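[1] need a 3D model of the sequence below.
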Amino acid sequence: MLCFCPCFDDNHHPTSDDVDLDLEPVLLISGIGGSILTSKRKKLGFDTRVWVRILLADLEFKKKLWSLYNPKTGYTETLDKDNEIVVPDDDYGLYAIDILDPSPFVKCIHLKEVYYFHDMINMLVGCGYKKGTTLFGYGYDFRQSNRIEKLMEDLKVKLETAYKASGGRKVNIISHSMGGLLVMCFMSLHHEVFSKYVSKWICIGCPFQGAPGCINDSLLTGLQFVEGLESFFFVSRWTMHQLLVECPSIYEMLANPDFNWKKQPKIQVWRKHSKDGETSIELESYGPVESITLFREALRHNELTYDGKTVALPFNFAISRWAAETRQVLNNAKLPDGVCFYNIYGISFDTPFDVWYVRNLISELG
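    Below is the predicted model:
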């Protein structure tokens, strides 16, 4: 049957009842911002999708997802004490990483920016993979550290589930972006478990040594996932910034200062200087280590207002220390014998590497 309405066109959702018993199970792992997050009432149990959403995006994000890092636990905790952030595990974990805003409106207009693993999931199903038997997803709370205990334990459970559901076949992991850091932390901390359950690990654009251009800019000015007209219906750049400053995952993607960079990443800032009545403009450069000084200065007066109270959000040195320990975990990771590793990355477009500001960044942020 032909259907000309994109909202209900089943031709875009292939299925397969005949599963190839020789197929090894596949586990898809998302990157930063690549998992649906819901805010769940602790008492009543009602939940609201806070990431990703198009309608009322900025308002719900500020109310239910703005957070503070707790150095005693290592977790980033929401300012809204009546709710907790959870990742839905529907459809064997695939729902949370498929269409990130699965509302009827978004499906009707087919907003491609939120169709994350959707095409890959449909392709794999069309090739004979069966959800819950040979196809699984792992979405996670991307605010948290890539080595935090809950994420590590949840990944272990997911690998065990895929292994048993497929009849004892080892799992092929496909990780995107920051998901590669999470997998590498797991491999480093749970080496024997990784070796037991994993056959192949395929990385797509994973920033193992950091993503300096993107992350430096995120800490200084925020992050915009959607550009153009659609951005007016999305979470604003600055609203996102006020969350990212308190996220260990962001600090863990700063440039690795110990890596032998062919060209060291840097932040460049044109700054105005006045001395003896004369004004000059100089270009200052900051490498991975020196950038910490810039972050501290630029964010020293950063704050937000929540529930009528002012909350200070300077550069978080407690998170920075935690991230340095995470870097050691990553550096100690070793691929187990018998596990195949593939690293896929594109070369058609330049990856943000340096950040160059032509305005007085310090005075604007401070």
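
[2] for the residue nearest to F317 when sequence neighbours are not counted, grab the count of nearby residues.
    Leaving aside its chain neighbours, F317 sits nearest to R296 (8.0 Å; criterion: CB to CB, 6 or more residues apart in numbering). No exception for glycine: its C-beta is placed from N, CA and C like everyone else's. The local packing of R296 (other CB atoms under 10 Å) involves 13 other residues.

[3] now swap in D258 and tell me
    12.

[4] would you map the helices across the chain?
    Taking DSSP state H, the helices of the chain run over residues 57-64, 104-109, 118-126, 149-165, 179-189, 191-197, 212-221, 237-244, 248-251, 291-298, 317-331, 361-365.

[5] closest to F259 out of these?
    Closest approach to F259 among the helices of the chain is made by helix 317-331 (9.3 Å; CB to CB).

[6] show me what that closest one is packed against.
    Counting contacts by 3 or more CB pairs under 8 Å, 6 or more residues apart in numbering; DSSP states H and E, helix 317-331 is packed against helix 179-189, helix 248-251.

[7] contacting residues around the longest one?
    The reference is to helix 179-189. With contacts defined as CB atoms under 8 Å, 6 or more residues apart in numbering, helix 179-189 is touched by 29-31, 34, 138, 140, 146-147, 151-152, 155-156, 173, 175, 193-194, 201, 203, 206-208, 252-253, 326, 329-330, 332-336.

[8] any of these buried? List them.
    29-31, 34, 138, 140, 146-147, 151-152, 155-156, 173, 175, 193-194, 201, 203, 206-208, 252-253, 326, 329-330, 333 (16 or more other CB atoms under 10 Å).

[9] dump the helices and strands packed on helix 317-331 to JSON lines, plus mean neighbour count and mean pLDDT.
    Below are the helices and strands packed on helix 317-331 laid out as JSON lines (neighbours: other CB atoms under 10 Å; pLDDT from 0 to 100):
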{"stretch": "helix 179-189", "mean neighbour count": "24", "mean pLDDT": "98"}
{"stretch": "helix 248-251", "mean neighbour count": "26", "mean pLDDT": "98"}
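
[10] quick one on the thing from earlier: from L220, how far out is the residue nearest to F317?
    12 Å (CB to CB, to the nearest Å).

[11] also I319?
    Going from I319 to L220 by CB to CB gives 16 Å.

[12] and what of V86?
    Using CB to CB, we find V86 at a distance of 30 Å from L220.

[13] so between those two, which is more surrounded?
    In terms of neighbours (other CB under 10 Å), L220 is the more surrounded of V86 and L220; the figures are 23 against 14.

[14] pLDDT score for the more buried one?
    Note on L220: pLDDT of 94.

[15] ok, now S280?
    Value listed for S280 in the pLDDT field: 86.

[16] swap in F8?
    Value for F8, per-residue pLDDT: 38.

[17] W201 is in contact with Y342, correct?
    Yes. Y342 is in contact with W201 according to CB atoms under 8 Å; the separation is 7.3 Å.
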